[in-house]
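# fold the following, please.
(6 chains)
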Amino acid sequence: MSNNPYVPQLAVIEKITEETWDTKTFRAVFVDEEFRNNFTYKPGQFQEVSVFGTGEATFCLTSTATRPGYIEFSVKRFGCVTKALHGLSEGATVGVRAPLGNCFPYESFKGKDLWFIGGGIGMAPLRSLLNFCLDNRDDYGTVNIIYGARSAGDLCFKSEFDEWKNSPNTNLYLTIDREEEGWTENVGFVPSYLMDLKPNPEGAIAITCGPPIMIKFVLKNLNELGFTDEQIYTTLEMRMKCGIGKCGRCNIGQYYVCTDGPVFSNAQLKGLPLEY
Amino acid sequence: MARVGVFICWCGSNIAKTVDVEKVAEAAAALPGVAYSTNYKYMCSEPGQNLVKQAIAEHKLSSIVVASCSPRLHEPTFRRCISEAGLNPFMLEMANIREHCSWVHDDNDAATKKAIDLVAMAVAKVAKNEPLSSQAIPITKKALVIGGGVSGIQTALDIADAGYKVTLVERTPSIGGRMAQYDKTFPTLDCAACILTPKMVDAASNPNIEILSYSEVENVSGFVGNFDVTIRKRARSVDMSKCTGCGACYEKCPKKVSSEFDCGLGQRKAIYVPFPQAVPNVPVIDREVCRWFAEGKCKVCEKICPTGAIDYSQEDEVITEQFGAIVAATGFDTWDPQEYGNLGYGKYPDVITSLQFERLFNASGPTDGKLLRPSDNQPPKNVVFISCIGSRDDEHGYPYCSKVCCMYNAKHALLLKEKVSDAQAYVFYMDIRANGKGYEEFVRRAMEKYGAVYLRGRVSRIIQEGDKLIVRGADTLAGKPVEIEADMVVLAAAMKPQPDAKEMARKLGISTDEYNWFSEAHPKLRPVEVLTAGVYLAGVCQYPKDIPDSVAQASGAASKVIGLFSKPNLESEPTVAEVNETTCAGCLLCKEICPFSAIEPKLLTDRAGNPVKTVASVNQGLCHGCGTCVAGCRSASVQLKGFKDDQLLAEVDALAFME
Amino acid sequence: MTEQEERTEQVETKENAGWEPKLIGFLCNWCSYAGADLAGSSRLKYPPNMRVVRVPCSGRVNPQFVMKAFERGFDGVLVAGCHPGDCHYSKGNYYTRRRLMLFKEFLEFMGIEPERFKFDWVSAAEGQKFAEVVGELTESVKRAGPFEGVCKR
Amino acid sequence: MEAKVIAKQDISAWLSSLAEKMEVLAPVEDGGVIRYRPLGEGEMNLNFSGPAKSLRDHFTPETETLFRYKYEGLKAELEESPAEEHDRLIFGVRACDAAALKYVDAVYSMVEPRDEPYFARRERTTIVGLFCNNPAWSCFCTEVGNFLTNPQEMDAGLTDIGDKYYAEAYTAKGEELLSAAQFEPAGAEDAAAVEKVKQKALSRLPAKGAHEEACLSYNWDSPIFPELAEKCLGCGVCAYSCPTCHCFDIQECAQGKKGSRFRCWDTCQFEKFTLMGHGHNPRPSKKERTRQRVFHKFKYSIERYKMLGCVGCGRCISACPVNIDIHAVVAELEKPAPASEGVNNE
Amino acid sequence: MSMEQELREKAKELLSSGKVKVVIGYGEGSIPIKSTPIFVKTPEQADCLVLNPTCTNNLTVYLPQAVKSGPVAVVAKPCEVKNIVELVKENQIKREDVTVIAVSTPGILNDAALAEFDLLDVKKISWKADGVAVTTSQGDTVIPRDAAFQKKCLSCTAAQPAIADIKIGDWAERAPLQDKFADVEEYEKLSAEEKRAFWAGQFSKCIRCYACRQACPGCYCNECFVDKNGQIWASKDTGAESNWFFHMTRMMHTAGRCTGCGECERACPMGIPLSLMGKKMSLLVKELFGTQPGESMEDAPVFGCYQTNDPDPCPE
Amino acid sequence: MKYAYYPGCSLHSTAKEYNQSAKEIAKTLGIELEEIEDWNCCGATSAHSMNKELSIALPLRNVARAESMGLDVVAPCAACFSRLKGADSAVKDDPDMQKLMAEKYGIEYNGTIKVHSLLSAIHVLGDEAIKAQVKRELTGLKVACYYGCLLLRPPSMVGFDDAENPTSLDSIMADLGAEPVEWGYKNECCGASLSLSKPEIVVKLTRDILSSARRAGAECIVTACPLCQANLDTRQSDIEKKYGEKFDIPVFYFTQLMGLAFGSWPGHLGLSKLMVNPEPVLQGLVSKGE
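Down below sits the predicted model:
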């Protein structure tokens, strides 16, 4: 195996779970035994998945290295590669270049209360950090998850809601945009639900990811609630190709989102030229 | 990638005898995107279609490829089948491995290789197919029937009975068509007028039927459900509301000309009614011959008319109406036997056509029903009937058989005996074609009971000797030439399309065959429809046939129209063009070249309402899905659903990269 | 030996004696495809080298499809539609005629032998003609030899 | 390493002797464009003015297959394309092209893992420079660095001093090259001659600028960018002629059951460079894109790689169909006065 | 008064009267041997407008974008006026939004003409005695017409413009000095293999920088067929075959619309003879359909109309 | 108008009068007839039943010689015309036949000329040209124009007049002032080549023709085919023997009547050669004329 960084590792799709009508979560296992055994990654990193005959696309690693042996990524059907992925059946072979990019500074989160604020498919990168924290539960304070989507049907990872709810000192706040019969939880947009919950910024860290408009209001509200820019983290979405800071595509100012990100603190974001 | 199911059909042995269907199914299984591949003896059969439905459920297939016969035949069948299994009917592609492969290539290996390629192309295309749905188009629940013969009348009556409005357009002054010229009809010897006139009167009195006689269709535009038809109502010079049909005018009219209705044997006046039972029973002034129009004197009819219905100042009136469906029942014309120099038609007066003979028999004919020879008005004794004049003859006439001549020859031979007891009928024939109900028995009767002499052979020459016609022919059964001194010879002239049939076809946007008969959609499976949706055929305009078939086809066409009108509105073609408004540069080249002017400019405005840019937009109702605009669009902004660039290119690539 | 025999003789001697030309045909659904069906139902035999892509009307055939076929290395391309005046969509083939007559000349200018691109009218009743058209194209492409690509190295 | 000289007529002998050991590329004229092609492919031309076509396509080819694969049903297997093994010498390289390699090395190795295909080629290539006796009108390399007089990333350098070339070696490899028979030690008059040639060239070139510091404070909202946006056609000539541009796109070539992935040149000047799937484009108009090119070559390069991203070769200036001149734009940005109105972009 | 002054006067009038918001013309380049497109928005800036042999850009390429912000005036040479006619007919600009300043020049400089000069030393380039005067420190030297002007100018007949609001320069009809299609005839002597080999050489040089497309007023699509994601039509690799496909398609798209301004060939950094194809295409359109682009506002687009007696593949 | 003249064997023997009268009226009508030098027999009706190639080679030799003269061919006799015309179209339609004739029989024929019958060559001049030459109107002469079955068939090859309902001879006679009668047997067969092998059939057929002519009121019959003339003329005595019917209907060549009408001296027209004496019929005319 020469060291050409653009050649992916082969992996077999072990399990496909239908999250919503247009989103599936794929669990893949690396074919190369030796590579699989010493493969590790940190929460917040991402990968480039190749579907042979169609192309390569960027997906965050939604699984956590604390549950080894496999990697998971969630795919919303939208373009050529995602449509191709949705057509695959279990046992299919894909290419994976992982892990890429930086990760959440989970060391500095130790002992802090964590607020995960996710929107729709944006929950995928947060889930990696969330499960990582739950696997090292006592390192962290209370874990609060605010997760919203357009409708009940659009909520991902429903199978893990109970596990999250019943984890020690962990609260799960779900919300959907519009009233739906049979829905008992909150109704409303995530940013306004955040204002209702009034999280205490003391010794807290907020991690948010979701559609651009949601992020814009969440960041604004967090500042209003007293969170400082260093306490807020998010992952940025940019057009990516190489994923290793060479193809020059995902730059914001002098930084490359694929290597200097995708995780940025709000302070870092404010330092960047407004071109993202 | 989609999850594709591939089904290879044996078509009994039609495909399996040349194409190794197992090998094709195997090769298909290895194609990218194929989740399931099998083969079966009769895919289009009930079990075949069930096989598809089960596979869809079991393997969660998203698209289907059926490799069998031509999509033109069974694409609708399989579309219905997969939609019953819950898939969108357009997630289907067919690979034509019968007409384009097994039937046309002997080399089995090459045919199998080609079948594999065709399947690979179909799989590559279906993987890119998207679910399509059609749109509702309003239908004008009014039908137009062109041609007022027996077929036209029957069609109009059936449609009217179903409660829909019909406009029946007839070129001549009265409906009735060819059948009105006949005396009796085979095989029942019903009097033609007795069974036709009541229908004509029904048509005239039916509130849903509007008869436009002495009128012609000038232009047809639009499409199924929304035809705009321009009709020219020619000036009759008689006010129909006032005329009582008393006939005083054509009694007194001084000008006599040869009557088309009597095929030139009889005469009619300048102001005339084609035949007594005419419907509408309102005369018409033939402006070419009428003394008033030609020389500016006379006006006898105006003076004599008790109700003052004559109106010389009447002008042609051109109207345009909306129709949902059109039925062409324009009938036929008889072939001119003058082509045969050796039979002396047109030289010897007593050599006439069967239609003229029918007029001589008819009570309202030129001789008031008495059978008299045109030359000397004497009853003929020996009458020779000659079949296949212009039919079954590649040299001078048409190669096809006109189907009904054998029957009316027998009828004439039979009736001749009734009318002139001591007359003797001779019938020259090649083969007797009497395959209708009661037909063979009828001909037997003419031979045995009425003593008609049937001579199997051709007539080589007719010579006028004095007042006799020497008919020289052969009796191939007796194996010797035969010569008959006849008093009259009747030629069974072939049926041929109307002289303006090609023109009418072009107006209706339908195609014709090499003789100019209108081409039906499918000779066996869709005989009353044509390829253009919304247009149907009835009667002989499609191909020579007798009255029972014409009436049956008329009811068939009517049922198609009623079927079309019974739906609240029409499902538009799902495979129509659509414009990607972000990439469209608004050059509107597509608008220029759209054959159906289905594309209009559309101004896009931003939320605040000020204009952003003009783009093209397709009226899905008018679009027929031809794709001319798509090939013309430089930025590929307009795409044809079902035949998009990426779909067609996928086929090209799939084929290019087959090993 | 006439120039004609020379070329056919030359085709045989080339190592491609076993070579079969690879052809693609774009047929309009209402006329030429129906003509091909008729050739099938009348069991007319013609060479198996061509595969058919069905399009609603010859008006849908973008000259870029023909370019793509030659770029992909096909040896010959056929485009067939209804006779002018008989187009099921009334005018589609008039525009095709303009585009492809110009394109045919330009292809020749770019060095693609004219025998490789055939553009013809076949009606739904002309099964025989369809078989002949495919036969002629296969023969003329065989004479022209394997296609070395749009840009011969 | 003391300098040597080589007679002009011995050059081709020297090069053909090298050609046995490795592939030798030299400047060859083709359709009015000087390109570095293998010796056999055309008439070598050494007295062209200004820079030839950049070396970019010798280190990152316009299209390069990364790997091939076969896939059928559920199975798939990869087949990597072999890395470059054969050695190469590029003769007649301009100082700016050599210096540009230093920048691209930095870009392709700063982040682990480094770009292996690129470095495989870099490590097997020997660079022999040719001094620019008469620089083109668009050259301004002396303004952004001093590599004209003391070349970087160059193994050896020749300077045309009339009937012979004055040769200097800068690396051990260069030293070994100049030990070939055709070279004799340089005399004093040769040194003087080369000095005269160098001074003549320098006289036609602008003085050293202070872009390294000034670029950090370029005005993000300078009015010059909307003006450029109006005039710029949005083609990729400037980027594809530039020796330091290194951006590429990764695309698929699917061929039935097998295929390959290749990378090909791309540029921030194309609209779809940063267009995301759901339609959002961080650099939607030509204003952002022209600004990105200038800022990336100067401000961002200094911030990230501590070196300028422009080697002043002027190719983008001479190639631009509408005569957009980055040298003039930079001058405008560094003008202290308030934002200038005026319409011409001096 | 020289053409330049006349142009400046007219520009000032247009701007001060408010008839147009911007005048698109040529300004001094970053070096005297070059000129560059400028967008004059105030009467004062009109003095930056120049007219000299270096004014080679086809400014009509800016029109579809420029008219979005109000009425525009544009300087257009004879071949470029034809482009404006086509743009109006293709609904990219409204006739009333564009004031056409039709300028007939003796000819435009071709790049090779200044080969012998020290370009830094050139002070001024102007028309003189139907050639080009190059002013350097050693004074003026006149390059004769045949060596100075671009091929398109030498074969230009400066026929009366189909549309023009202002006319500057000598618009008298002139006989072409060179046969415009000499190189096409030369090329057509090659055999089929030689032709393919010729284009293989040319298209292997193409680096897909799309300068030819961006410089062409006919190519105004928002998204070019070659940029469709998923590489539907053309692959992004720069192999000779996919380059062949791109250029062949572009030629079919500009068929009957290319006025022969030659900017695509001039913009090409690799020296590919693109106008060879463009000229052959305009010859074919003239021969087959009898029309020329930009000659009249009434001509229907080549692929936008048909005659029943168009040339037929197999006339019955 | 100049033609290569192919008289054929019968015009130099049994049908001398046709030859004489043909030349006579040709002179008057300004048609130059240059006899083909060293012409050979056309193989008549028997050749093609024996050997196809020979049946083409024989007539083709004559046509080739006419071609070398650069003139179209005129053949008065129906049988000769049919053979020559057949050979001509056989070669024109089939290049292999042309090659065979050239290689095997040494007959080089490139098909640059046409073959006409005398009747069509005259008829094509038009009614006015013929009327202009008429000196002595044949008024009152009721004539039955007999075309025979070969002269105009097969229509696709001959391509002159309507084989089933011919009128060309009738119109010429009308031009001469005669009265062509309407009769049914105008192109019935007269028994032709059976005259030697089965004479009784010829007698029956000629009787039918003559009786139909008489019934139609014809005083004489005119024809353009020597074979038909011979049969109708010489058989009248046999008919009288067998059926006891006496017809005495003179059978002229149309060229003889034209000669008379043009005022030629009867002697030059070979009238004396006719079996059935034409004197009584011509009595009224000649005397009036002289």
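# near chain B, which residues of the stretch 51-200 of chain A?
Selection of the stretch 51-200 of chain A residues close to chain B by Cβ under 8 Å from any Cβ of the partner chain yields A:51, A:53-54, A:83-84, A:87-89. The way it works is simple: take the backbone N, C-alpha and C, and place the C-beta from them, glycine included.
# out of the residues you listed, which are buried?
A:51, A:53-54, A:83-84, A:87-88 (16 or more other Cβ atoms under 10 Å in any protein chain shown).
# about what we covered before: could the residues of the stretch 51-200 of chain A next to chain B go into JSON lines alongside pLDDT and secondary structure?
Formatted as JSON lines, these follow (pLDDT from 0 to 100; DSSP: H, G, I helix; E, B strand; the rest coil):
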{"residue": "A:51", "pLDDT": "93", "secondary structure": "strand"}
{"residue": "A:53", "pLDDT": "89", "secondary structure": "coil"}
{"residue": "A:54", "pLDDT": "91", "secondary structure": "coil"}
{"residue": "A:83", "pLDDT": "88", "secondary structure": "helix"}
{"residue": "A:84", "pLDDT": "89", "secondary structure": "helix"}
{"residue": "A:87", "pLDDT": "84", "secondary structure": "helix"}
{"residue": "A:88", "pLDDT": "87", "secondary structure": "coil"}
{"residue": "A:89", "pLDDT": "84", "secondary structure": "coil"}
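# residue ranges with poor pLDDT in chain D?
Scanning chain D for pLDDT under 70 picks out the ranges D:1, D:337-346.
# now do the one helix or strand residue B:115 maps to: which elements does it pack against?
According to DSSP states H and E, residue B:115 maps onto helix B:108-126. Contact partners of helix B:108-126 among helices and strands, from 3 or more Cβ pairs under 8 Å, 6 or more residues apart in numbering or on different chains; DSSP states H and E: strand B:4-9, helix B:21-29, strand B:63-68, strand B:92-96, helix B:645-656, strand C:50-55.
# list the buried ones in it?
Those buried within helix B:108-126 under the rule 16+ other Cβ under 10 Å are B:110-126.
# quick one: contacts of the longest helix anywhere in chain E?
When chain E is scanned for its longest helix (criterion: DSSP state H), the result is helix E:274-289. The contact list for helix E:274-289 (Cβ atoms under 8 Å, 6 or more residues apart in numbering or on different chains) reads C:98, C:101-102, C:105-106, C:109-110, E:151-152, E:180-181, E:183-184, E:187, E:212, E:247, E:251, E:254-256, E:258, E:260, E:262, E:264-265, E:268, E:291-293, E:302, E:310-311.
# give me the buried entries from those.
Counted by 16+ other Cβ under 10 Å, the contacts of helix E:274-289 give C:98, C:101-102, C:105-106, C:109-110, E:151-152, E:180-181, E:183-184, E:187, E:212, E:247, E:251, E:254-256, E:258, E:260, E:262, E:264-265, E:268, E:291-293, E:302 as buried.
# narrow those to those in helices?
Using DSSP H, the buried ones among the contacts of helix E:274-289 in helices are C:98, C:101-102, C:105-106, C:109, E:151-152, E:183-184, E:187, E:212, E:247, E:251, E:264-265.
# pull the most distant pair out of those.
C:98 and E:151 (29.2 Å; Cβ to Cβ).
# where do the strands sit along the stretch 151-276 of chain A?
Under the criterion DSSP state E, counting those that start in this stretch, the stretch 151-276 of chain A contains strands at A:170-176, A:186-187, A:204-209, A:232-235, A:251-252, A:255-256, A:263-265.
# over to chain E?
Here chain E has its strands, by DSSP state E, at E:22-28, E:35-40, E:72-76, E:98-104, E:122-128, E:131-136, E:139-143, E:166-169.
# repeat for chain D
Along chain D, counting by DSSP E, strands occupy D:4-7, D:23-30, D:33-38, D:63-72, D:75-80, D:88-93, D:125-130, D:156-160, D:164-169, D:183-185, D:248-255, D:258-265.
# figure out which of those strands is closest to chain F.
strand D:248-255 (51.0 Å; Cβ to the nearest Cβ).
# now that closest one, how far from the centre of its chain.
Between the centre of strand D:248-255 and the centre of its chain there are 25 Å (Cα atoms, centre = their mean, to the nearest Å).
# how about that strand: buried residues?
For strand D:248-255, using 16+ other Cβ under 10 Å, the buried residues are D:248-254.
# can you check stretch F:112-120 too?
F:113, F:115-120.
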